[in-house]
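Peer 1: 3D, please:
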Amino acid sequence: MALQAIFARRALTPQNEIANAVVVVDGEKIAAVGRRDEVAVPVSSRRYDKRDFSIVPGFIDVHIHGAAGSDVMDASAGALEAITAGVAARGTTSLLATTVTASEEPTCRAAEAVAGWMERAACERAGGIPSAEILGVHFEGPFISRARRGVHPEEWIVAPSVSLFRRLLAAAKGAARILTLAPELPGTAELIAEALQAGVVVSLGHTDANYAEATAAISCGARHAAHVFNAMRPFAHRETGVVGAVLTSASVTAELIADGVHVDDAAIRVLFAAKGPKGVILVSDGIAATGMPDGKYRLGTFEVSVAGGVARNCEGKLAGSTLTLDRALRHMAALGIPWREVLPMLTSNPARLLGLERRKGWLVAGADADLVLLDDQLQVAGVMTRGAGLH
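Peer 2: Sure thing, here's the model as predicted:
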């Protein structure tokens, strides 16, 4: 792959802003980032004049079930290809393929499909077509609360089980990255210890935990929370529940679905005020309907209906979203939060959570060449994934 040089109005690394920037790409990696007058651009480089745009790191989605008409639980290469290509067009260059609560067999089959896709992707690249890289599996369930299950099928919810978790780990072949569970359930402490031993991030979610139960899990090593405010015990002034624990624990990152539907704007402001730019991670919780017209779609093993871009199950409960991370960025900016403060929530924060800060989420020499061009309205004007794409 030839050397490439992208000239932009500015680059946000995202910690620093570089005016009159150039990013030099060598193959799949960033070779240099800096001001145009400070970086020696090889004469042989293919040059892109993007001086009307800002260049930022590619977005990382740690909680996404599907897109482009396909679902992770479809457990097929075709589905994963559709999902990764669909979200890449909107700036998501890396993701965790997320399961939904189901019986053991389809969950293991989905994990095996993701692991197989990752193995093949390490050897094959899709030419010049941008495609998000799957970084691993996010197991959302089945060790969750029946009271806060949301749309997860009740019949497949099970008590925390180290033996079942080990079977899920084996199916994922080393690709398990996050486990979302309800910390109040008996046996959770043992399960958290097992997950940490396997290098898996423990996430609090779909939980009816009180404050003491949540903080106990955090003291055991839980350090993330799935779609905060949604599918968890509400905050109250005398029993703040899991929300109170998340808001006051500096070690815990908080997922947020910033689509204007899942969380009220005032609650978003409260979360941002409590956690700051480094404590929030924007996620899509996207389903197969993402990027598709209204209609009926599958989420795992059940059907959902999408009207006006909002997905609900037959009971009328919210069933994931059709959000993309570029829209989440714009929604946060519309609330008056400077978009430069929002950007880490899409890039460096999720990379840090996954231990990938040297490879993803930053514009630095040696990192993967995952780049997004944004115009002044924060619309995506171009995408590069590991050196491929950018128009």
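
Peer 1: From the structure, what's the count of residues near Tyr297?
Peer 2: 22 (other Cβ atoms under 10 Å). Where C-beta positions appear, they are placed from N, C-alpha and C, glycine not excepted.

Peer 1: Got the phi and psi for it?
Peer 2: Backbone torsions for Tyr297, taken as degrees, to the nearest 10, come to phi -140, psi 170.

Peer 1: cool, Val283 as well?
Peer 2: Dihedral angles (degrees, to the nearest 10) for Val283: phi -130, psi 160.

Peer 1: Could I get the contacting residues of it?
Peer 2: Listed by Cβ atoms under 8 Å, 6 or more residues apart in numbering, the contact set of Val283 reads Asp61, Val62, His63, Ile64, His227, Glu255, Leu256, Ile257, Leu325, Ala328.

Peer 1: Note down every partner strand of the strand ranked longest in the chain and its orientation.
Peer 2: Secondary structure assigned by DSSP state E gives strand 46-57 as the longest strand of the chain. Note on strand 46-57: by DSSP bridges, its sheet partners are strand 4-12 (parallel), strand 371-374 (antiparallel).

Peer 1: Check which helices and strands the lengthiest helix in the chain sits against.
Peer 2: Using DSSP state H to define each element, the chain has its longest helix at helix 104-121. Here helix 104-121 touches helix 77-88, strand 133-140, helix 162-172, going by 3 or more Cβ pairs under 8 Å, 6 or more residues apart in numbering; DSSP states H and E.

Peer 1: rewinding a little: of the strands paired with strand 46-57, which is nearest Val342?
Peer 2: strand 4-12 (10.7 Å; Cβ to Cβ).

Peer 1: low pLDDT regions in the stretch 251-391 of the chain?
Peer 2: The stretch 251-391 of the chain contains no residues with pLDDT under 70.

Peer 1: could you pull out the helices for it?
Peer 2: Secondary structure of the stretch 251-391 of the chain (DSSP state H, counting those that start in this stretch): helices located at 265-275, 325-334, 339-342, 348-353.

Peer 1: which of those helices is buried the deepest?
Peer 2: helix 348-353 (a mean of 24; mean count of other Cβ atoms under 10 Å).

Peer 1: Only C-alpha atoms, please: export that helix in CSV.
Peer 2: Backbone C-alpha positions of helix 348-353 (Å, rounded to 0.1, in the frame of the first residue of the first chain) are rendered in CSV as follows:
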residue,chain,number,x,y,z
SER,A,348,-9.6,7.4,23.4
ASN,A,349,-12.0,6.5,26.2
PRO,A,350,-13.1,3.2,24.6
ALA,A,351,-9.6,2.4,23.5
ARG,A,352,-8.3,2.9,27.0
LEU,A,353,-11.1,0.7,28.4
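
Peer 1: thinking again about what came up before, compare the contacts of Val283 and tell me which is most surrounded.
Peer 2: Ranked by neighbour count under the definition other Cβ under 10 Å, the contacts of Val283 are headed by Asp61 with 31 neighbours.

Peer 1: my read: Arg386 touches Asp370, true?
Peer 2: Yes - using Cβ atoms under 8 Å, Arg386 makes contact with Asp370 at a distance of 6.4 Å.

Peer 1: re the thing from before, so which of the contacts of Val283 comes closest to Leu363?
Peer 2: Using Cβ to Cβ, these come closest to Leu363 at Leu325, 16.9 Å.

Peer 1: is the closest residue to the closest one other than its chain neighbours in a bridge, and if so with what?
Peer 2: With Cβ to Cβ, 6 or more residues apart in numbering as the criterion, Leu325 has its nearest non-adjacent residue at 4.3 Å, and that residue is Phe59. On the basis of DSSP bridges, Phe59 is bridged to Thr92.

Peer 1: where does the stretch 101-250 of the chain dip in pLDDT?
Peer 2: 123-128.

Peer 1: And the helices in it?
Peer 2: 104-121, 162-172, 188-197, 211-220, 241-248.
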